[in-house]
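Undergrad: Sequence unavailable; structure follows:
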DNA sequence: CTGAAAGCGCTAACAT
DNA sequence: ATGTTAGCGCTTTCAG
């Protein structure tokens, strides 16, 4: 049996409150007694139950679409590391952006006396997130923006990232620049689309609907979209993919059609996950500052836990262009 | 404030034990009372604290090297799904195979009254794992084999997988088959190495030390190893990489040297993660049955939780060859 | 069919 | 400097 505070107390010949005091460094305990108790705890490998009185599990929940997605996995890792430094564990909840799973997980987390929740999942039509706020569990939104709600939020400047990506392609001399994107379901995707349009506009290039392709499936969708674009009579010389998987799908399609990257086609992605360095050629991309995002999210969550009524913040971090081998000058 | 059982009882005009009984479906409760209580619980959005008396958090811990690694992320997702069906949450613990972090995480998990732990991390020199067993928390080893210990274990037949991979290359007519592998630190890697050797031997091919390259770093190591092999005067016509990242590194090096895959070089990997379908050309690989492994691991863990003294099992699952585009017939 | 009460492991106020 | 005790939210006998 797992030893309890009573076992330790009995072994050390003291009362349980004395043991409690040395554990929490409260009250006055003689150096001698403290030492004896500490030794006893070690000897019995005593591990106090974190949640017995305070009903706080020292754990945070992470609501994400899918832990198997590289971007989310890398984000989770950063969050885990930041949390561990503070003695917090990480509960991973993959929702597939499915409302039912979201609700189910939120309920599970409540029952487990989680200290706080980081939300990076869809939460369609705000229904689930309203339920979440009602629980009064501290929440921070990560990579998800719901401007109508006063919640701590950490996002990346998607508009700027897309603008930067497109502008870079323009600087390389490209004039026919396509965009392959996910369906515009979330504000972040919409922003990337707008950033693309704005960059074209600023450069005096005409926005061409026929050069934009929407997808509900990520990777395979990207392949198909790229295939169609590259076979059309107005083939683009550059493609901005709003997601890493979309970009990789594009690379595969180009390969199939014997379109050389970057000679015949430049490709630029978004996220900068492990995938970007693992493809051939390595992908030029807009990097999300994953580590900073994770750190800021945890920071806000901790503040919220400690000061429940504090003013809410909205933190916008800047993405950064990483130039690799999938982009090059436009042919004359 | 989060409502407690007392709030529900008061609202419904009954005692707390009656509420408890309807929650747990125990005792005899009139249909009427039950209904009234259930409605009250719903109205108050009552979420009982899971661990109050039984001291079980309905949560399992997953000790892995790194959640950001695609193979582990996919495994985590499968485990998460299997667990969710049973109302279990998943705590992710990335250890980097570092003894200190392992010990720290094990202690954290104990304090959180985890129901069980799935271990897929290094646990060097068994020190940490012995500590773990002493805790009496149910444990199952996943993708990690410590034959000297009587613990439930789920592994893949690494020897057979490597044997199959190598045999397939031989069947394609290859005679100079190299192997790029991680340092032999863990039994699974050793088995893959032996499987490779055995396949060569069975085919009457000479084992050549110069064709085997060990790496302590995964991806970049793979690149370097491949670079060296492909530039040597006895360049192989096929490479078996014991890991997906190693295989991808190999593909990149081949690309750099203008060695065509599969025309000039066949490459075969191990794991079958998302990376295998995302590279160009798509990777022929030995697939680990991730879903079955996860399912079996959870199954064994649940058994262990319910029947602490049951006989321990060692489950060995078969990997499977998935042929894609990175392998082809040897040139004459 | 329902309720009172003991007990789980621990903290925090209050004695001594 | 140490101990006693009430109480946290819940389950589980045991009475009624």
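TA: Nice, I can see it. Since this is a predicted model, take the numbers as computed values, not measurements.

Undergrad: From DNA strand D, how far out is the residue nearest in space to the middle of chain A?
TA: Within chain A, the residue whose C-alpha comes closest to the C-alpha centroid is residue A:75; the distance, by Cα atoms, centre = their mean, is 4.6 Å. According to Cβ to the nearest atom of the strand, to the nearest Å, residue A:75 stands 32 Å off from DNA strand D. C-beta: built from backbone N, CA, C; applies to glycine.

Undergrad: again, but for residue A:126
TA: If you measure residue A:126 against DNA strand D using Cβ to the nearest atom of the strand, the figure is 27 Å.

Undergrad: For that residue, which residues are in contact?
TA: The neighbours of residue A:126, taking Cβ atoms under 8 Å, 6 or more residues apart in numbering or on different chains as the test, are A:146, A:148-149.

Undergrad: Now with 7 Å, please.
TA: Taking Cβ atoms under 7 Å, 6 or more residues apart in numbering or on different chains as the criterion, residue A:126 is in contact with residue A:146.

Undergrad: who touches the closest residue to the residue nearest to the centre of chain A other than its chain neighbours in this structure?
TA: Leaving aside its chain neighbours, residue A:75 sits nearest to residue A:290 (5.5 Å; criterion: Cβ to Cβ, 6 or more residues apart in numbering or on different chains). Contacts were defined as Cβ under 7 Å, 6+ apart; by that measure residue A:290 touches A:74-75, A:78.

Undergrad: what do you get for residue A:226?
TA: By Cβ under 7 Å, 6+ apart, residue A:226 lies in contact with A:180, A:239, A:249-250, A:253-254.

Undergrad: again with residue A:8
TA: Here residue A:8 is in contact with A:19, A:37, A:40-41, A:44, A:46 (Cβ under 7 Å, 6+ apart).

Undergrad: Counting neighbours, show which residues of the helix or strand it falls within come out buried.
TA: When secondary structure is defined by DSSP states H and E, residue A:8 falls within helix A:5-12. Within helix A:5-12, the residues that count as buried by 16 or more other Cβ atoms under 10 Å in any protein chain shown are A:5, A:7-9, A:11-12.

Undergrad: same question, stretch A:313-326
TA: Neighbour-count burial for stretch A:313-326, with 16+ other Cβ under 10 Å as criterion, is recorded at A:313, A:315, A:319, A:321-322, A:324, A:326.

Undergrad: What is the nearest of these to DNA strand C?
TA: Comparing those against DNA strand C with Cβ to the nearest atom of the strand places residue A:313 closest, at 28.4 Å.

Undergrad: just to revisit the earlier point, surely the residue nearest to the centre of chain A meets residue A:296?
TA: No. Contact criterion Cβ atoms under 7 Å: residue A:75 and residue A:296 do not qualify, at 12.0 Å.

Undergrad: In the stretch 151-300 of chain A, mark out all the strands, start to finish.
TA: With DSSP state E, counting those that start in this stretch as the criterion, the stretch 151-300 of chain A has strands at A:152-156, A:177-182, A:212-215, A:238-241, A:266-271, A:284-287.

Undergrad: Any chance of TSV for those, columns mean pLDDT, distance to DNA strand C and mean neighbour count?
TA: Below are the strands of the stretch 151-300 of chain A laid out as TSV (pLDDT from 0 to 100; distance: least, Cβ to the nearest atom of the strand, whole Å; neighbours: other Cβ atoms under 10 Å in any protein chain shown):
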stretch	mean pLDDT	distance to DNA strand C	mean neighbour count
strand A:152-156	96	26	24
strand A:177-182	96	47	26
strand A:212-215	93	52	18
strand A:238-241	98	51	30
strand A:266-271	97	42	28
strand A:284-287	98	43	25
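
Undergrad: Quick one: those as JSON lines, columns for distance to residue B:301 too.
TA: Putting the strands of the stretch 151-300 of chain A into JSON lines (distance: least, Cβ to Cβ, whole Å) gives the following:
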{"stretch": "strand A:152-156", "distance to residue B:301": "35"}
{"stretch": "strand A:177-182", "distance to residue B:301": "37"}
{"stretch": "strand A:212-215", "distance to residue B:301": "38"}
{"stretch": "strand A:238-241", "distance to residue B:301": "40"}
{"stretch": "strand A:266-271", "distance to residue B:301": "34"}
{"stretch": "strand A:284-287", "distance to residue B:301": "38"}
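
Undergrad: Throw these into JSON lines and include distance to DNA strand D, thanks.
TA: Output for the strands of the stretch 151-300 of chain A, formatted as JSON lines (distance: least, Cβ to the nearest atom of the strand, whole Å):
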{"stretch": "strand A:152-156", "distance to DNA strand D": "26"}
{"stretch": "strand A:177-182", "distance to DNA strand D": "41"}
{"stretch": "strand A:212-215", "distance to DNA strand D": "45"}
{"stretch": "strand A:238-241", "distance to DNA strand D": "48"}
{"stretch": "strand A:266-271", "distance to DNA strand D": "41"}
{"stretch": "strand A:284-287", "distance to DNA strand D": "44"}
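
Undergrad: so which of those strands gets nearest chain B?
TA: Using Cβ to the nearest Cβ as the criterion, the shortest distance between chain B and those is 12.0 Å, found for strand A:266-271.

Undergrad: Identify the residues contacting the closest one?
TA: Strand A:266-271 is contacted from outside by A:71, A:161, A:165, A:168-169, A:172, A:174, A:192, A:237-244, A:247, A:250-251, A:261, A:276, A:283-286, A:288, A:326-328, using Cβ under 7 Å, 6+ apart.

Undergrad: Up against DNA strand C, what does the stretch 1-150 of chain A have?
TA: Among all residues of the stretch 1-150 of chain A, those adjacent to DNA strand C (criterion: Cβ under 7 Å from any atom of the strand) are A:2, A:4-6, A:16-17, A:19-20, A:23-24, A:26-27, A:48-49, A:52-54.

Undergrad: wait, which of the buried residues of helix A:5-12 is closest to DNA strand C?
TA: For DNA strand C, the nearest member of those is residue A:5. The distance, counting by Cβ to the nearest atom of the strand, is 3.0 Å.

Undergrad: Please compute how far the worst-scoring helix or strand of chain A on mean pLDDT lies from its chain's middle.
TA: The helix or strand with the lowest mean pLDDT-type score in chain A, counting by mean pLDDT, DSSP states H and E, is helix A:127-134 (a mean of 82). From the chain centre to the centre of helix A:127-134 is a distance of 20 Å (Cα atoms, centre = their mean, to the nearest Å).

Undergrad: buried residues in that helix?
TA: Residues of helix A:127-134 classed as buried: A:128-129, A:131-132 (neighbour count, 16+ other Cβ under 10 Å).

Undergrad: Which residues of the stretch 51-200 of chain A lie near chain B?
TA: Among all residues of the stretch 51-200 of chain A, those adjacent to chain B (criterion: Cβ under 7 Å from any Cβ of the partner chain) are A:51, A:55, A:57, A:59, A:66-68, A:70, A:73-74, A:76-77, A:80, A:89-92, A:94, A:107-108, A:110-113.

Undergrad: What about these, which are in strands?
TA: Counting by DSSP state E, the part of those found in strands is A:59, A:89-92, A:94.

Undergrad: Nearest to chain B: which residue in the stretch 101-250 of chain A?
TA: Going by Cβ to the nearest Cβ, chain B is nearest to residue A:110 of the stretch 101-250 of chain A, at 4.1 Å.

Undergrad: ok, that residue - contacts?
TA: The neighbours of residue A:110, taking Cβ under 7 Å, 6+ apart as the test, are A:135, A:137, B:47.
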